[in-house]
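In: Provide a 3D model corresponding to the input given below.
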Amino acid sequence: MYANHSIEAVNDEAHFWLNGYVNKQNCRIWSEANPQVYVETPLHPEKLTFWCALWAGGIIDPYFFKNDEGHNVTVNGDRYRAMITNFFIPELNNHDVQELWFQQDGATCHTARATIDLLKDTLCDRLISRFGPVNWLPRSCDLTPLDYFLWGYVKSLVYADKPQTLDHLEDNIRRAIADIRPQMLGE
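Out: You can find the predicted model right below:
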């Protein structure tokens, strides 16, 4: 259906904490008086870090970052490149997308020289990224739908039944992503 068309896919990672904590680093409280708001967070909460990409045709299945023993880990350059090589590129082949434009943000693991070289080798000049052939525009809601739509939408669903284990949380994430229809993404 989308073969031989120019399609843009955006991708990113997100942390989902088992305790339902949401990082509100971009949330600001404006008030005439000091609101005296305190947010307590656990020192080492259990969390999942996963990646996904979306495009007008749908969402590429989530990829959960885990080590060889199956333990959840965060993203670094080597893990990101392994995901691109072992997961994303084969997924692209499954979707028969010929002219995909790939967009990523300016995270260090995304913009490391080895990562940019890998993506250029795979996508030629169809890369929108800091240090890529087409420069990434930070803080644009038109260009970062994962940050401005997907993560909040998925988080609103996955915590509804208050998951008690990381496996339960992962199942909820997979289910929420699988239920998103292309009609939601093409607007």
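
In: How about residues contacting stretch 87-96?
Out: Under the contact criterion C-beta atoms under 8 Å, 6 or more residues apart in numbering, stretch 87-96 has outside partners 2-3, 11, 53, 57, 60-61, 63, 100, 122. C-beta coordinates here come from the backbone N, C-alpha and C atoms, glycine included.

In: Okay, buried residues for it please.
Out: 88, 92, 95 (16 or more other C-beta atoms under 10 Å).

In: okay, now A160: neighbour count?
Out: A160 has 9 neighbours, counted by other C-beta atoms under 10 Å.

In: give me phi/psi at it?
Out: For A160, the backbone dihedrals (degrees, to the nearest 10) come out as phi -60, psi -40.

In: Number the chain from 101, please
Out: Got it, the first residue is 101 from now on, which makes the last one we talked about A260.

In: JSON lines please, covering the buried residues of stretch 187-196 and showing pLDDT and distance to Q136.
Out: Output for those, formatted as JSON lines (pLDDT from 0 to 100; distance: C-beta to C-beta, whole Å):
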{"residue": "F188", "pLDDT": "89", "distance to Q136": "45"}
{"residue": "L192", "pLDDT": "80", "distance to Q136": "50"}
{"residue": "H195", "pLDDT": "71", "distance to Q136": "50"}
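
In: Inside helices: which ones of the residues you listed?
Out: Among the buried residues of stretch 187-196, the members found in helices (DSSP state H) are 192, 195.

In: Go ahead and list the helix or strand containing D168.
Out: Using DSSP states H and E, D168 falls within no helix or strand.

In: where's it relative to A182, distance?
Out: Applying C-beta to C-beta, to the nearest Å, the value for D168 to A182 is 11 Å.

In: So between those two, which is more surrounded?
Out: Between D168 and A182, counted using other C-beta under 10 Å, the more crowded position is A182 (12 against 6).

In: Shouldn't that one be within a strand?
Out: No. A182: not assigned to a strand; according to DSSP: H, G, I helix; E, B strand; the rest coil it is helix.

In: What's the PyMOL line that selects buried ones from the contacts of stretch 187-196?
Out: Remark: buried members of the contacts of stretch 187-196, expressed as a PyMOL selection using 16+ other C-beta under 10 Å:
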select buried, resi 102+111+153+157+160+163+200+222
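
In: For the contacts of stretch 187-196, give me a markdown table that also has distance to W251 and pLDDT.
Out: Shown next, in a markdown table, are those (distance: C-beta to C-beta, whole Å; pLDDT from 0 to 100):
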| residue | distance to W251 | pLDDT |
| --- | --- | --- |
| Y102 | 24 | 32 |
| A103 | 29 | 36 |
| N111 | 12 | 74 |
| A153 | 13 | 85 |
| G157 | 20 | 75 |
| I160 | 15 | 83 |
| D161 | 16 | 84 |
| Y163 | 15 | 93 |
| L200 | 22 | 78 |
| T222 | 25 | 86 |
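
In: Which of the contacts of stretch 187-196 fall in helices?
Out: Using DSSP H, the contacts of stretch 187-196 in helices are T222.
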